[in-house]
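In: Sharing a model that was predicted from the sequence below.
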Amino acid sequence: MLKINKPTFLIDKAICQGNIQRMAEKAGKHKLRFRPHFKTHQSAAIGEWFREAGVSAITVSSVSMAAYFARHGWDDITIAFPVNILEINHINELAEKITLNLLVENVAALTMLRKNLTHKVGIFIEIDTGYLRSGVEVNRINQVDELLSLMRGSRQLEFRGFLSHTGQTYSARSIEEIMVRHADALMKMRSLKEHYHFNWPNLEISLGDTPACSVSDRFDSVDEIRPGNFVFYDLMQEQLGVCEREDIGAKLVCPVVSRHLSRNEFIIYGGAVHLSKEFIINQFAKRCYGVVGNCNLENGIRAGEETWVSGLSQEHGIIRAGFEDIREFKIGGLTEIIPVHSCLTADLAGYYLTTTGERIEKMQKN
């Protein structure tokens with residue numbers, strides 16, 4: 001029996017490695033560079049599972065994350081976040097040691113890079129294909145032209161291509177809707193590639209989102225994919241139809257500390273600081289912050305569909321339990337919570353534990 005006495009992020013290594021292998025095989029089938037996003041797991045040890053699947057280039061979300069993985073032998077890294085020019089000294093330190101790609105979407109940041117970079121970096125122009133977060137809107141050709149003109153003649157700025165995160169697939173309501181949104185992003189990125197191909201024949205298209213990369217077999221004009229969440233998957237992906245429950249490779253194991261039978265509720269040590277406050281709407285039209293996998297971890301007793309995390313405060317989690325499950329929740333026992341969004345739950349954990357008892361360290365916050 002695992003020795004767990006506080007909220008612990010528990011990983012099934014075999015499931016995760018299976019998820020990695022399937023995505024690597026899909027990339028190979030479509031002749032795509034597989035540049036997975038490591039912001040999901042943030043662990044050098046888990047990074048080695050990707051190496052075993054043939055991965056040699058990765059994506060991260062910050063300069064500090066790039067530095068962490070560079071220290072662990074990764075030498076081809078894309079920071080898929082609009083460049084933070086305030087970290088220029090750290091960017092220069094990294095660019096001296098590894099192949100580094102940065103993301104830009106405005107003239108101000110690119111101008112500052114041009115003036116302050118001391119080593120060559122690859123530059124991707126971020127394109128907004130409909131997520132409405134960061135990135136140049138795909139029809140703003142004048143903005144793209146301005147960015148490209150700044151890179152011409154620069155010895156430090158090497159234009160790599162166009163990058164987009166099709167985050168709008170996460171709010172789809174069906175596989176069909178994921179496919180439609182993915183196809184729309186493909187069309188927009190392909191049009192950019194065709195428009196600029198004559199002057200920039202080596203430009204690449206980089207796309208990254210777990211839903212489309214998991215379910216689609218269409219990657220017209222795409223050169224690399226950057227999914228991240230797929231290594232663990234979660235309830236959000238299951239609700240989208242992207243994965244099955246057995247594909248979810250990570251859970252939060254929490255102690256049961258209180259019960260209120262009159263309300264059909266139990267209290268766990270595992271709140272918003274462990275799970276985050278991401279939620280889905282479940283089949284009862286209620287907010288769900290996680291569902292119970294095994295309600296009695298020691299005996300492997302699975303909970304029914306009427307058992308879910310119905311509320312969170314900072315440290316407390318409130319579990320709404322079905323009548324048949326109530327007797328299985330023991331004060332002093334442990335229960336598994338399948339997270340809504342595994343990326344955030346993993347980010348909040350200090351370390352991970354595998355189902356075989358191996359402790360896995362991860363990047364620590366500065």
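Out: Right, received. Where do you want to start?

In: from here on, contacts and neighbour counts on C-alpha atoms
Out: OK.

In: Any idea how many residues pack against Val231?
Out: Using other CA atoms under 10 Å, Val231 is surrounded by 30 other residues.

In: separation between it and Tyr352?
Out: 14 Å (CA to CA, to the nearest Å).

In: now do Val144
Out: The value you get for Val144 to Tyr352, if CA to CA is used, is 42 Å.

In: What of Met151?
Out: 42 Å.

In: more neighbours, the two?
Out: Neighbours were counted for Met151 and for Tyr352 using other CA under 10 Å; Tyr352 has more, 21 against 17.

In: what sits against the closest residue to Ser342 other than its chain neighbours?
Out: Nearest residue to Ser342 in three dimensions, chain neighbours excluded: Asp234, at 5.6 Å (CA to CA, 6 or more residues apart in numbering). Residues counted as contacts of Asp234 (CA atoms under 8 Å, 6 or more residues apart in numbering) are Ile248, Ala250, Ile338, Pro339, Val340, His341, Ser342.

In: Try it again at 7 Å.
Out: Contact partners of Asp234, counting by CA atoms under 7 Å, 6 or more residues apart in numbering, are Ile248, Ile338, Pro339, Val340, His341, Ser342.

In: Which of the residues you listed fall in helices?
Out: Ser342 (DSSP state H).

In: buried subset of the contacts of Asp234?
Out: Neighbour counting by 16 or more other CA atoms under 10 Å classes Ile248, Ile338, Pro339, Val340, His341, Ser342 among the contacts of Asp234 as buried.

In: Report the beta-bridge partners for the third one.
Out: Here Pro339 shows beta-bridge partners Gly290, assigned using DSSP bridges.

In: ok, now which ones touch it?
Out: Asp234, Leu235, Lys251, Leu252, Leu275, Gly290, Thr345.

In: again with the first one
Out: Taking CA under 7 Å, 6+ apart, we find Ile248 in contact with Phe232, Tyr233, Asp234.

In: can you do 10 Å?
Out: 11-12, 15-16, 19, 230-235, 237-238, 338-339, 342 (CA atoms under 10 Å, 6 or more residues apart in numbering).

In: what's the distance between Val242 and Glu25?
Out: 17 Å.

In: quick one, which of the two is more surrounded?
Out: Neighbour count, other CA under 10 Å: between Val242 and Glu25, Val242 has more, with 23 against 15.

In: what sits against the more buried one?
Out: So Val242 contacts 174-175, 178, 210-216, 230, 233-236 (CA under 10 Å, 6+ apart).

In: Relative to Ile79, how far out is it?
Out: For Val242 relative to Ile79 (CA to CA), the value is 26 Å.

In: Then Gly332?
Out: Per CA to CA, Gly332 is found 43 Å from Ile79.

In: Looking at those two, which has the bigger crowd around it?
Out: Ile79 (22 against 13).

In: partners of the helix or strand hosting that one, with directions?
Out: Element membership of Ile79 [criterion: DSSP states H and E] is strand 76-82. Paired strands of strand 76-82, with direction, are strand 58-60 (parallel), strand 99-104 (parallel) (DSSP bridges).

In: CA atoms only for the last one, dumped as CSV, please.
Out: Only the C-alpha atoms of strand 99-104 are listed here, as CSV (Å, rounded to 0.1, in the frame of the first residue of the first chain):
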residue,chain,number,x,y,z
THR,A,99,18.9,26.0,-30.1
LEU,A,100,16.2,28.4,-28.8
ASN,A,101,13.0,29.5,-30.5
LEU,A,102,11.0,32.5,-29.3
LEU,A,103,7.5,33.6,-30.0
VAL,A,104,6.6,37.2,-31.1
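
In: State the mean pLDDT of the lengthiest helix in the chain.
Out: Criterion DSSP H: the longest helix present in the chain is helix 175-196. Mean pLDDT, helix 175-196: 97.

In: contact partners of the following helix or strand past it?
Out: For helix 175-196, the succeeding helix or strand toward the C-terminus, using DSSP H and E, is strand 204-207. Contacts with strand 204-207, where a contact means CA under 10 Å, 6+ apart, come from 32-35, 124-126, 159-166, 182, 185-186, 189-190, 192-193, 197, 213, 219-227.

In: SS state for the most far-flung residue of the chain relative to its centre?
Out: The centre of the chain is farthest from one residue, Ser262, which by CA atoms, centre = their mean lies 39.2 Å away. What DSSP: H, G, I helix; E, B strand; the rest coil gives for Ser262 is helix.

In: what sits against it?
Out: By CA under 10 Å, 6+ apart, the contact list for Ser262 is empty.

In: What distance do you get for it to Lys97?
Out: Ser262 is 62 Å from Lys97, by CA to CA.

In: swap in Leu2?
Out: Between Leu2 and Lys97 the computed distance is 41 Å (CA to CA).

In: And the contacts of strand 204-207, which of them are buried?
Out: 32-35, 124-126, 159-166, 182, 185-186, 189-190, 192-193, 213, 219, 221-227.

In: Now, those that are in strands?
Out: If you go by DSSP state E, these have 33-34, 124-126, 159-164, 224-225 in strands.

In: could you redo these as a markdown table and give each row distance to Glu328?
Out: As requested, these are exported to a markdown table (distance: CA to CA, whole Å):
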| residue | distance to Glu328 |
| --- | --- |
| Arg33 | 47 |
| Phe34 | 43 |
| Phe124 | 53 |
| Ile125 | 53 |
| Glu126 | 50 |
| Phe159 | 58 |
| Arg160 | 56 |
| Gly161 | 55 |
| Phe162 | 52 |
| Leu163 | 49 |
| Ser164 | 46 |
| Glu224 | 47 |
| Ile225 | 43 |
